[in-house]
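Student: coordinates for the following, if possible.
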Amino acid sequence: MKYLSILLALIPVAVILQFVHADPIWIFVTGALALIPLAAWLGQATEELALYTGPRVGGFLNATLGNAAELIITIVAIREGLLELVKASITGSILGNLLLVLGLSVLLGGLRHGLQVYDRRGAGVNASMLTLAAIGLAIPAVFGHSIDQVNHDAVEWLSIGVAVILMFVYALSLIYAFTRREQDLEIEDAMIHEIASHKPSWSLPLVAAVLLGSTLLTVWMSEVMVGAVEPVVQTLGLTEFFLGVVIVPIVGNVAEHLVGVTAAWKNKMELSLAISVGSSMQVALFVAPLLVFVSLLMGNPMNLIFNPFELAALGAAIAIVSLISLDGESNWLEGAQLLGVYLIIALAFYFLPTSAMH
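Tutor: All right, here's what the predicted structure looks like:
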């Protein structure tokens, strides 16, 4: 945390560069790097708040606010009309958590501890929820193009309907998590133990101040970074899609990524899975549907129709994670396999031309 905080010095640098109309590449880079410590502080404040609310509510807060920085970035992008960037960042966040974070966690944890075990029952529930997410994101795309030829407004209503259903099922999953009886569990929820075993080190006023301050600064730096996206795309020859899939999710979730990998390194695979897989489910079942309604309120309506390349990548990621996790055991080779899939997908998105997405 203290090493990441050094990057806070880039906040005034990014502002100055924007003010003097410097090279957009430097504005984008400094703005993106400045967001990393802000995401870390936002995450730390959320964890401290969770310690005051009790273990179960605390786990819910960690899940709900864990993607706050990325959510802010995407809302700013919606306001700027960069809807393809938003959809790409949703895809990238799911891929990053399932393949990059979980892959690093399983690889490093396996190299240090050998075979690591976790609750098979929980892994099965997660696999079915991820499959539901894939179905929910794929159906609008499969049916949307045919529906659009007859009634364009119906496509928007299809997205809204799917968004409502996904959020409803996500709410049911939270109710299930809160109400399941302890004697029915083979292994206690690692996140609950993690929260319960610590005492708050910050006062509530300090938590509130850090949450407010880091949120406001995150909004500011997000505007700086998003404002430089189009010039960077033109200058470097990258696609807006690649930035959304690879760069934005890493910047917005780097603190959460570090926590997940560290948990596996400490042989807490249950917690590591809760962070990586749980965050992916939250993005697919809650954040993406929420952004549909946010975009309507902001006057830039976004639908849930993802392109075939995004759907293929999501399907591949969910399939391999489900296959690896269902046995309740992990080893370093499985981590390397997940990272291999992530690198293959990232490489394909890097070379994918903009014309292919239309």
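
Student: any idea which element the residue nearest to the spatial centre of the chain lies in?
Tutor: Centre of the chain computed as the mean C-alpha position; nearest residue by Cα atoms, centre = their mean is residue 93, 3.8 Å away. In this structure, residue 93 is located in helix 83-95 according to DSSP states H and E.

Student: mind giving me the packing neighbours of that helix?
Tutor: Helix 83-95 sits against helix 68-79, helix 240-242, helix 248-265, helix 269-282, helix 288-297, helix 308-325, with contacts defined as 3 or more Cβ pairs under 8 Å, 6 or more residues apart in numbering; DSSP states H and E. Every C-beta, even on glycine, is put in place using the N, C-alpha and C of the backbone.

Student: format these as CSV; extra columns: mean pLDDT and distance to residue 209.
Tutor: Below are those laid out as CSV (pLDDT from 0 to 100; distance: least, Cβ to Cβ, whole Å):
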stretch, mean pLDDT, distance to residue 209
helix 68-79, 81, 16
helix 240-242, 80, 35
helix 248-265, 76, 18
helix 269-282, 83, 26
helix 288-297, 92, 26
helix 308-325, 91, 38
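
Student: distance to residue 89 and mean neighbour count for those helices - can I get that in JSON lines?
Tutor: Formatted as JSON lines, these follow (distance: least, Cβ to Cβ, whole Å; neighbours: other Cβ atoms under 10 Å):
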{"stretch": "helix 68-79", "distance to residue 89": "6", "mean neighbour count": "24"}
{"stretch": "helix 240-242", "distance to residue 89": "10", "mean neighbour count": "21"}
{"stretch": "helix 248-265", "distance to residue 89": "4", "mean neighbour count": "23"}
{"stretch": "helix 269-282", "distance to residue 89": "13", "mean neighbour count": "26"}
{"stretch": "helix 288-297", "distance to residue 89": "10", "mean neighbour count": "19"}
{"stretch": "helix 308-325", "distance to residue 89": "11", "mean neighbour count": "19"}
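
Student: how about the ones you listed in TSV, adding distance to residue 163?
Tutor: TSV is the format used below for the helices and strands packed on helix 83-95 (distance: least, Cβ to Cβ, whole Å):
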stretch	distance to residue 163
helix 68-79	14
helix 240-242	22
helix 248-265	20
helix 269-282	14
helix 288-297	3
helix 308-325	17
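
Student: picking that back up, give the buried residues for the following helix or strand past the helix holding residue 93.
Tutor: Tracing the chain C-terminally past helix 83-95 and defining elements by DSSP H and E, one meets helix 102-113 next. For helix 102-113, the neighbour count (16 or more other Cβ atoms under 10 Å) marks 102-110, 113 as buried.

Student: which one of those sits closest to residue 331?
Tutor: residue 110 (4.6 Å; Cβ to Cβ).

Student: show me what contacts the closest one?
Tutor: Taking Cβ atoms under 8 Å, 6 or more residues apart in numbering, we find residue 110 in contact with 116, 330-335.

Student: now do the contacts for residue 306.
Tutor: Going by Cβ under 8 Å, 6+ apart, residue 306 touches 87, 91, 137-138, 140-141, 314.

Student: can you pull the contacts of residue 76?
Tutor: 219, 222-223, 226.

Student: report the two of the contacts of residue 110 separated the most.
Tutor: Going by Cβ to Cβ, the pair spanning the contacts of residue 110 furthest: 116 and 333, at 12.3 Å.

Student: now do the buried residues in the helix or strand that residue 51 is a member of.
Tutor: Using DSSP H and E, residue 51 maps to helix 24-53. By neighbour count on 16+ other Cβ under 10 Å, the buried set for helix 24-53 is 24, 27-51.
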